[in-house]
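> structure for the following, please:
(one chain, ligands or ions: 1)
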Amino acid sequence: MTPTHSEYNEKTTATEVASAFADQIRGRNVVITGVGPNSLGEALALAIGSQQPAKLFLASRTEAKVQQVADKVKELSPTTSVEAVTLNLASQKSIHAAASKIQSQVDRVDILINNAGMMVLEKETTEEGIEIQFGTNHVGHFLFTNLLMDQIKNAAQSSESGSTRIVNVTSAGHRLSPLRFHDYNFEGKEVPVDERPPDGLPPMFSPAAGGYNGWLAYGQSKTANILFTVYLTQHLASAGIVSYSVHPGSIWTGLSRGLDDSGNEIMSKTSNFWKSGDQGAATMLVAALDPALNCEL
Ligand SMILES: NC(=O)c1ccc[n+]([C@@H]2O[C@H](COP(=O)([O-])OP(=O)(O)OC[C@H]3O[C@@H](n4cnc5c(N)ncnc54)[C@H](OP(=O)(O)O)[C@@H]3O)[C@@H](O)[C@H]2O)c1
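Numbering: from 1, shown residues only. Have a look, this model is predicted:
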């Protein structure tokens, strides 16, 4: 699988990628989760919005923030049809309502980018009692994707095979933890060896009393994004739908807002190249748009 633009690198922007693959955006319905000012979702929205999608849904938790980005898309691309949708991935009731809102307006979803994500160090839970990073970053997207499945399949029926895409945004942080099937809620239960963090991690990655460690929980959620992607492609490729999972690189966004000073210090050491938001969103757009990536179907 060789991408069309082998010259792309860490400095390539989402704006450039959207322009190069404009034909894959024009006239199609796109849904992006996790959109607010100074987020990767904003960079995605501006890039996709610049290439005349039929309808661009921006689905995120904070109504005022997502509306601010929707207004910016409108300002820069006045003919683009963009709609803000309130979606709290930590509430299954909210996920159902958001999916219903989208279904009431379109009968097909060509591209779904599950980009929303959160990182916290203290244990919290979703409305349903699921550890909040696993619940938001993976379980919420799992439900949202499944609720939109009829619309995704409708799109695939009348599109070139492999051009209907589901992109799940992961992180290099997935290396911190496998999926802890025996203790996904970090309740201090015994887990088999292949569900434990890799050997040799520094002490800050050790679970505290009670069994929780926010870094490991983030890592587990990002591993889940990848496993979900593999499963989707295994089961949907025959219907012309493919899924990719991508790491965007390192970008100073709002993701680290839940970290304390030492958490931010750890984050600052994770990269020696910090991308702009527009550069960070580029990998997601190559995964969503490059026709050369469907050659394994
Ligand atoms: N930035 C990086 O260096 C980096 C590196 C690796 C992976 N990633 C991944 O990239 C993705 C985008 O992150 P980002 O860097 O753009 O972070 P961000 O600036 O914090 O943006 C995350 C977005 O997700 C939304 N969100 C959070 N919780 C939500 C929920 N319960 N329901 C719906 N939306 C929710 C946030 O909304 P509010 O603002 O309203 O809370 C925000 O719009 C994430 O999946 C992250 O794991 C980022």
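> host element of the closest residue to Leu58 other than its chain neighbours?
Using Cβ to Cβ, 6 or more residues apart in numbering and skipping residues adjacent in sequence, the residue nearest Leu58 is Val35, 4.3 Å away. C-beta coordinates here come from the backbone N, C-alpha and C atoms, glycine included. Using DSSP states H and E, Val35 sits in no helix or strand.
> next one, pLDDT for Val35 please.
Predicted confidence (pLDDT) for Val35: 98.
> that one: how many residues sit nearby?
The local packing of Val35 (other Cβ atoms under 10 Å) involves 31 other residues.
> same question for the one 5 residues further on.
Using other Cβ under 10 Å, Leu40 has 32 neighbouring residues.
> give the contact list for it.
Contact analysis of Leu40 by Cβ atoms under 8 Å, 6 or more residues apart in numbering lists Gly34, Asn115, Val169, Pro248, Ile251, Thr253, Gly277, Gly280, Ala281, Met284.
> surely the residue nearest to Leu58 and Gln67 touch.
No - taking Cβ atoms under 8 Å as the definition, Val35 is not a contact partner of Gln67, at 9.7 Å.
> would you turn the contacts of Leu40 into CSV with distance to Leu44, secondary structure and neighbour count?
Putting the contacts of Leu40 into CSV (distance: Cβ to Cβ, whole Å; DSSP: H, G, I helix; E, B strand; the rest coil; neighbours: other Cβ atoms under 10 Å) gives the following:
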residue, distance to Leu44, secondary structure, neighbour count
Gly34, 9, coil, 29
Asn115, 6, coil, 25
Val169, 9, strand, 28
Pro248, 10, coil, 24
Ile251, 12, strand, 19
Thr253, 12, coil, 20
Gly277, 9, helix, 22
Gly280, 9, helix, 25
Ala281, 5, coil, 32
Met284, 6, helix, 29
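> out of the residues you listed, who's nearest Gly240?
Sorting the contacts of Leu40 by distance to Gly240 puts Met284 at the head of the list, at 20.4 Å, by Cβ to Cβ.
> surely Pro178 and Ser221 touch.
No - between Pro178 and Ser221 there is no contact, the gap being 11.7 Å when judged by Cβ under 8 Å.
> in terms of neighbours, single out the busier of the two.
Between Pro178 and Ser221, counted using other Cβ under 10 Å, the more crowded position is Ser221 (29 against 21).
> quick one: the nearest residue to Glu16 once chain neighbours are set aside from the ligand, how far?
In space, Glu16 comes closest to Ala282 once its chain neighbours are excluded; the distance is 7.3 Å by Cβ to Cβ, 6+ apart. In this structure, Ala282 and the ligand are 12 Å apart, going by Cβ to the nearest ligand atom, to the nearest Å.
> dump the residue contacts of Lys153.
Residues in contact with Lys153, defined by Cβ under 8 Å, 6+ apart, are Ala239, Ile241.
> so it, which of the three states?
Of the three states, Lys153 takes helix under DSSP: H, G, I helix; E, B strand; the rest coil.
> how near is it to Leu236?
Between Lys153 and Leu236 the distance is 8 Å, computed by Cβ to Cβ, to the nearest Å.
> same thing with Leu112?
As defined by Cβ to Cβ, Leu112 lies at a distance of 12 Å from Leu236.
> for Gly129, same thing?
30 Å.
> ok, the residue nearest to Leu58 to His182 distance?
Note on Val35: its distance to His182, by Cβ to Cβ, is 35 Å.
> please list the residues of the stretch 51-200 of the chain that sit near the ligand.
Counting by Cβ under 6 Å from any ligand atom, the positions of the stretch 51-200 of the chain adjacent to the ligand are 60-62, 65, 87-90, 115-118, 136, 169, 171.
> filter those residues down to the buried ones and hand me the ChimeraX line.
Selecting in ChimeraX just the buried members of these, where the criterion is 16 or more other Cβ atoms under 10 Å, is done with this command:
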select :60,61,65,87,88,89,90,115,116,117,118,136,169,171
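> Ala209: which of the residues of the stretch 51-200 of the chain next to the ligand is nearest?
Met118 (23.4 Å).
> residue contacts, whichever residue of the chain sits closest to the ligand?
Using Cβ to the nearest ligand atom, the single residue of the chain nearest to the ligand is Gly117, 2.4 Å away. Counting by Cβ under 8 Å, 6+ apart, Gly117 touches Gly34, Thr136, Asn137, Val169, Ser171, Ser221, Leu255.
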